[in-house]
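Q: Based on what follows, work out the 3D shape:
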Amino acid sequence: MSPAESVDHRRTHNLLLVSRLLSLRDTASPFTLLLDSLSQSSRPLVREYIERAITAKCKTVFVSFSTFSPPQGITTLISARRKPIPVLQKEIFAACSANGSSKTLLILDSLNPLCSSAPSSLAPFLSSLLSPTTTLVAMYHTDVPLCLPPEGSANAYPDSAPQPLTLLSYFATTIITVHSITHMLAAKAARDRSLAPPGYGLDEGVDGVLVGLGSNPAEGVVLELEYRRKSGRGVGEWFFLPGEGEAAGMKRSVLPGGVEEKVMLLEDHPRWKESEAVKQRGGAGEEEEPMSTFELGLTESQRKARDEVVLPYFDAQREGGIGGGGAILFTPDREIDDFDDEEDEI
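A: Here you go, the predicted model:
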């Protein structure tokens, strides 16, 4: 298989995979973990899940731990604030089994409260929600610190146990980390120039800075996908999900069967391809030239005149060459220099 055919095969295979995951087909991933931050929220991705669930005629159950205004299009809203886990389980079971729907999309808007209040019950609780007809999608905010129960309490978390995020990463069949496309492009431009990538938000380390410039852009969201197959082999890929206003102007990928998919590989993003072309040329693009009030370049006539200038060291190379001895080249000025005939001629 040629390199071009290999790239096309990978593109088609991975686009089919992400289309299956977002469209809830064939129960490809029973438990999907979404990792987001202040720099990029996972709400655009959750909205895409809900829209595709409506198209597939799947019921959507939204469990709210911290969301005040739930997204539109959901079938059932369950408020989980200050509810014991057994009570919450019964409400979720009743909502998922209602109306006799064959498929259900269950969304948990935040796992951080459970990780802080009852970390030891996290795995049994999530395991009880999984079923052949239920697809679980849960969000975890990576920049929210956890407040684990103190030692001696009923819900104390043992020191020997793994951290909740480590447990969730092991338990999930698919992990999607969302990134800001603005920050990704800025980091790539810095790496192409062999510079340290810039930091944003909390990574800047500046007091009072929580959200950096370019966070949560309307253009779209970058998806870092890690999918675990049943065999245990993992598949990793970077995708770009365009925003609602940008999707119409983006070129869609055509999957086998004539199905159009608006999600694209990150390397196929127009601005990413432009940055890659600049990197291959080995120079900076026009937008990266230093700002100035005058022209820094040379015209064709100026470049030609510069090439015709004979530099002094050319004469030294012609007379003696390398190792031919040193010589001083001096041209006296008639008005300034007082030339003496008795001096050695230079």
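Q: Where does pLDDT dip in this structure?
A: Residues of the chain that meet the criterion pLDDT under 70 lie in 1-4, 99-101, 149-160, 246-249, 258, 279-294, 312-330, 332-346.
Q: Check which helices and strands the helix ranked longest in the chain sits against.
A: When every helix of the chain is counted residue by residue (DSSP state H), the longest turns out to be helix 3-22. Applying 3 or more CB pairs under 8 Å, 6 or more residues apart in numbering; DSSP states H and E, one finds that helix 3-22 contacts helix 43-55, strand 220-228, strand 234-242, strand 253-255, strand 259-261, strand 264-265. Backbone N, C-alpha and C define where each C-beta goes, glycine included.
Q: list the buried ones in the third one?
A: When you say that, I think you mean strand 234-242. The neighbour-count check on strand 234-242 (16 or more other CB atoms under 10 Å) flags 237-242 as buried.
Q: Repeat that for the longest one.
A: Residues 43-50, 52-54 are the ones in helix 43-55 that count as buried (16+ other CB under 10 Å).
Q: and the angle from it to strand 234-242?
A: 90 degrees (axes from the mean of the first three to the mean of the last three CA atoms, to 10 degrees).
Q: what separates helix 43-55 from the chain centre, distance-wise?
A: Distance of helix 43-55 from the chain centroid (CA atoms, centre = their mean, to the nearest Å) equals 19 Å.
Q: Same check on the third one?
A: Computed by CA atoms, centre = their mean, the chain-centroid distance of strand 234-242 equals 9 Å.
Q: partner strands of it, parallel or antiparallel?
A: strand 220-228 (antiparallel), strand 264-265 (antiparallel) (DSSP bridges).
Q: After the shortest one, which helix or strand is next?
A: Scanning forward in sequence from strand 264-265 by DSSP states H and E, the next helix or strand is helix 270-281.
Q: what angle separates that following helix from strand 234-242?
A: Relative orientation of helix 270-281 versus strand 234-242 (the same axes, to 10 degrees): 120 degrees.
Q: For the following helix or strand past helix 270-281, give me every contacting residue.
A: Counting by DSSP H and E, the element after helix 270-281 in chain order, helix or strand, is helix 300-307. Contacts with helix 300-307, where a contact means CB atoms under 8 Å, 6 or more residues apart in numbering, come from Leu298.
Q: Restricting to C-alpha, output helix 300-307 in CSV.
A: The C-alpha atoms that make up helix 300-307 are tabulated as CSV, following Å, rounded to 0.1, in the frame of the first residue of the first chain:
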residue,chain,number,x,y,z
GLU,A,300,14.3,43.2,-8.3
SER,A,301,16.5,46.0,-9.4
GLN,A,302,17.9,46.4,-5.9
ARG,A,303,18.6,42.7,-5.7
LYS,A,304,20.4,42.8,-9.1
ALA,A,305,22.5,45.8,-8.1
ARG,A,306,23.5,44.0,-4.8
ASP,A,307,24.6,40.9,-6.7
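Q: Using the three-state scheme, assign Ser231.
A: With DSSP: H, G, I helix; E, B strand; the rest coil as the basis, Ser231 sits in coil.
Q: Quick one: neighbours of Leu17, just the number.
A: 19 (other CB atoms under 10 Å).
Q: Please report how far it lies from Leu111.
A: Going from Leu17 to Leu111 by CB to CB, to the nearest Å gives 24 Å.
Q: Skipping its backbone neighbours, what lies nearest the residue nearest in space to the middle of the chain in space?
A: For the chain, the residue nearest the mean C-alpha position is His179 (3.6 Å; CA atoms, centre = their mean). Closest residue in space to His179, ignoring its immediate chain neighbours: Val222 at 4.1 Å, by CB to CB, 6 or more residues apart in numbering.
Q: I'd say the one you found and Gly243 touch.
A: No: using CB atoms under 8 Å, Val222 is not in contact with Gly243, being 11.9 Å away.
Q: Isn't Val61 up against Ala80?
A: No: in terms of CB under 8 Å, Val61 does not count as a neighbour of Ala80; the distance is 11.4 Å.
Q: Settle it for me: which of those two has more neighbours?
A: A direct count of neighbours by other CB under 10 Å for Val61 and Ala80 places Val61 higher, at 24 against 20.
Q: Can you tell me the SS state at that one?
A: At Val61 the chain is in strand, as set by three-state DSSP.
Q: What number of residues are in the vicinity of Phe31?
A: 20.
Q: who's in contact with it?
A: 126, 130, 136, 138, 171-174.
Q: Let's see that with 7 Å instead.
A: For Phe31, the contacting residues are 126, 130, 136, 171-173, by CB atoms under 7 Å, 6 or more residues apart in numbering.
Q: Buried among those? Need that as a selection in PyMOL.
A: Buried members of the contacts of Phe31, defined by 16+ other CB under 10 Å, are picked up in PyMOL with:
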select buried, resi 126+136+172+173
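Q: wait, which of the contacts of Phe31 is closest to Arg229?
A: Thr173 (8.9 Å; CB to CB).
Q: so the closest one touches Ser29, yeah?
A: Yes: Thr173 lies in contact with Ser29 (CB atoms under 7 Å); the separation is 4.7 Å.
Q: Report the set of residues contacting both of the two.
A: Common contact partners of Thr173 and Ser29 (CB under 7 Å, 6+ apart): none.
Q: Okay, and the closest residue to Pro132 other than its chain neighbours sits in which element?
A: Closest residue in space to Pro132, ignoring its immediate chain neighbours: Thr27 at 6.6 Å, by CB to CB, 6+ apart. Using DSSP H and E, Thr27 sits within no helix or strand.
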